[in-house]
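Undergrad: below is the sequence, then the predicted model.
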Amino acid sequence: MPETKLPTPDAAAYAAARAHQNQLTKPTGSLGMLEDVACRFAGWQGRAVPRPPKAAITVFAADHGVTAEGVSAYPSAVTAEMVKNFAAGGAAICVLARQHGARLEVVDVGVASPLPALSGVVSARVAPGTRNLARTAAMTEAEVDAALEAGRAAARRAVDAGAGVLVAGEMGIGNTTPSAALICHFCALPPEAVVGRGTGVDDAALLLKTRVVTQALARLPAGADARAVLAEVGGLEIAAMAGFYLEGARLGMPSVVDGFIAAAAALAACAMAPGLEHWLLASHRSQETGHQAALARLGLAPMVDLGLRLGEGSGAALVLPLIASALQLHAGMATFASAGVTDKA
Ligand SMILES: O=C(O)c1ccc[n+]([C@@H]2O[C@H](COP(=O)([O-])O)[C@@H](O)[C@H]2O)c1
Ligand SMILES: Cc1cc2nc[nH]c2cc1C
């Protein structure tokens, strides 16, 4: 895969936005992270007062051979069933996308069972799920490249549709296992610090999942590059999300990183294109073990902690109103000078 050359956010617009924030009628810094969000959008849009962006949400769906080990509380069949639920508008992310007027697209990058043509679902199937990473490489590097490209193409569609902020969500029974392996690798953390209960596995399955991740990581050759790491222990939807973030940033578009799986994809993408993290915003802190460490490694602070562990891009969709408020406050508040309020001494 060719090296992705990324633009850098506009430092002058960021600085102008920060100076503007400091003139608004509030104690300096009192709007906390909302101030940072407004300034970061200024840098992304190259204007001191950024425009409220339209959001586009893409949910990548795929299956995982590792479910054969018993690492999830739900059967693989749920992945395909949920894709049908997305198409019917009944999933959580459908409700949130409707609420916020966001474009929603679902991309099948590798659901195990063939799906009928469904409205709002793009077929970009690379393989009928990954192979069982407990025993063998999850994918070939050619499959990783195809999944990355499926993600890139989805980002281009979202940007072409007029999006100013991108959200990648996912649906894939079993995908917290490859995500944990990726986070262990990219954060240099032991599985015990990263592997969590996913959809809600019991203590025995948690132990088994931790062992599976340990064994899979042991196969990684020293110095493996991000593509090789994704091939060995990753997932099709995870690689697609990485491609989505990379292409978004290449086009000068920020992405809101959702939960645990999204953080794993972002880490892989950052390893492919250092500087990508400057185009990312973290929505929330997931309940999944190891998520905080992954965000810290990305240099991102979550906007909210609501005890979420759903995926689908739901956490990112939930912070869209906060992003909108951050930009409205930035553009609409009076300054100390305009309101005749005395600034600090
Ligand atoms: O986003 C998260 O932080 C998150 C945490 C735990 C589980 N999930 C979702 O649950 C599924 C993976 O869980 P599991 O137990 O099957 O590995 C997958 O469809 C994810 O969207 C998502
Ligand atoms: C029902 C269900 C919905 C989901 N959405 C994202 N991951 C999920 C996992 C399950 C099991």
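TA: Yep, that arrived. Ligands and ions are numbered 1, 2, ... in the order given.
Undergrad: most residues in a single helix of the chain, which one?
TA: Scanning the chain for the longest helix, with DSSP state H as the assignment, gives helix 141-160.
Undergrad: got a list of contacts for that one?
TA: With CB atoms under 8 Å, 6 or more residues apart in numbering as the test, helix 141-160 has contacts from 1, 56, 58, 60, 62, 103, 105, 107, 109-110, 122, 124, 126-127, 139, 166, 168, 227-228, 230-231, 234, 236-237, 239-248, 251, 253. Placement of C-beta: from N, CA and C, glycine included.
Undergrad: and Glu105, helix, strand or coil?
TA: Secondary structure assignment for Glu105 (DSSP: H, G, I helix; E, B strand; the rest coil): strand.
Undergrad: ends of stretch 27-41, how far apart?
TA: The straight-line separation of the ends of stretch 27-41 (CA to CA, to the nearest Å) is 21 Å.
Undergrad: which positions within that stretch qualify as buried?
TA: Of all the residues in stretch 27-41, those buried under the rule 16 or more other CB atoms under 10 Å are 31, 34-41.
Undergrad: nearest to Gly70 among those residues?
TA: Minimum distance to Gly70 across the buried residues of stretch 27-41 is 40.8 Å, recorded for Val37 (CB to CB).
Undergrad: residues in contact with Leu166?
TA: Shown in contact with Leu166 (CB under 8 Å, 6+ apart): 55-56, 58, 155, 158-159, 244-245, 248, 253-256.
Undergrad: pretty sure it belongs to a strand, no?
TA: Yes - counting by three-state DSSP, Leu166 falls inside a strand.
Undergrad: may I have the beta-bridge partners of it?
TA: On the basis of DSSP bridges, Leu166 is bridged to Ala56, Ser255.
Undergrad: separation between it and Ala153?
TA: 13 Å (CB to CB, to the nearest Å).
Undergrad: what of Arg227?
TA: From Arg227 over to Ala153 the distance is 18 Å, taken as CB to CB.
Undergrad: ok, these two, which is more surrounded?
TA: Arg227 (20 against 17; other CB atoms under 10 Å).
Undergrad: can you tell me the closest non-neighbouring residue to Leu267?
TA: Nearest non-adjacent residue to Leu267, counting by CB to CB, 6 or more residues apart in numbering: Phe186, 4.0 Å away.
Undergrad: so is whichever strand or helix holds the one you found next to ligand 1?
TA: Element membership for Phe186, per DSSP states H and E: helix 176-187. Yes - remark: helix 176-187 sits within contact range of ligand 1 at 176-177, by CB under 6 Å from any ligand atom.
Undergrad: hang on, the earlier thing: could the buried residues of stretch 27-41 go into a markdown table alongside distance to ligand 2, pLDDT and secondary structure?
TA: Shown next, in a markdown table, are these (distance: CB to the nearest ligand atom, whole Å; pLDDT from 0 to 100; DSSP: H, G, I helix; E, B strand; the rest coil):
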| residue | distance to ligand 2 | pLDDT | secondary structure |
| --- | --- | --- | --- |
| Leu31 | 32 | 98 | coil |
| Leu34 | 28 | 98 | helix |
| Glu35 | 32 | 98 | helix |
| Asp36 | 29 | 98 | helix |
| Val37 | 26 | 98 | helix |
| Ala38 | 31 | 99 | helix |
| Cys39 | 32 | 99 | helix |
| Arg40 | 28 | 99 | helix |
| Phe41 | 28 | 99 | helix |
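Undergrad: format the residues you listed as CSV; extra columns: distance to Gly307.
TA: Written out in CSV, the entries for those read as follows (distance: CB to CB, whole Å):
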residue, distance to Gly307
Leu31, 24
Leu34, 21
Glu35, 25
Asp36, 23
Val37, 22
Ala38, 27
Cys39, 28
Arg40, 25
Phe41, 27
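Undergrad: can you lay out the residues you listed as CSV showing distance to ligand 1?
TA: Listed next are the buried residues of stretch 27-41 as CSV, based on distance: CB to the nearest ligand atom, whole Å:
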residue, distance to ligand 1
Leu31, 27
Leu34, 23
Glu35, 26
Asp36, 22
Val37, 21
Ala38, 26
Cys39, 27
Arg40, 22
Phe41, 24
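Undergrad: can you name the residue of the stretch 51-200 of the chain nearest ligand 2?
TA: Ranked by CB to the nearest ligand atom, the top residue of the stretch 51-200 of the chain for proximity to ligand 2 is Tyr74, at 3.9 Å.
Undergrad: touching, that residue and Thr176? I think so.
TA: No - contact criterion CB atoms under 8 Å: Tyr74 and Thr176 do not qualify, at 11.4 Å.
Undergrad: the more surrounded of these two?
TA: Thr176 (34 against 16).
Undergrad: can you tell me how far the nearest residue to the more buried one once chain neighbours are set aside is from ligand 1?
TA: Once flanking residues are discounted, Thr176 sits nearest to Gly198: 3.7 Å by CB to CB, 6+ apart. Between Gly198 and ligand 1 the computed distance is 2 Å (CB to the nearest ligand atom, to the nearest Å).
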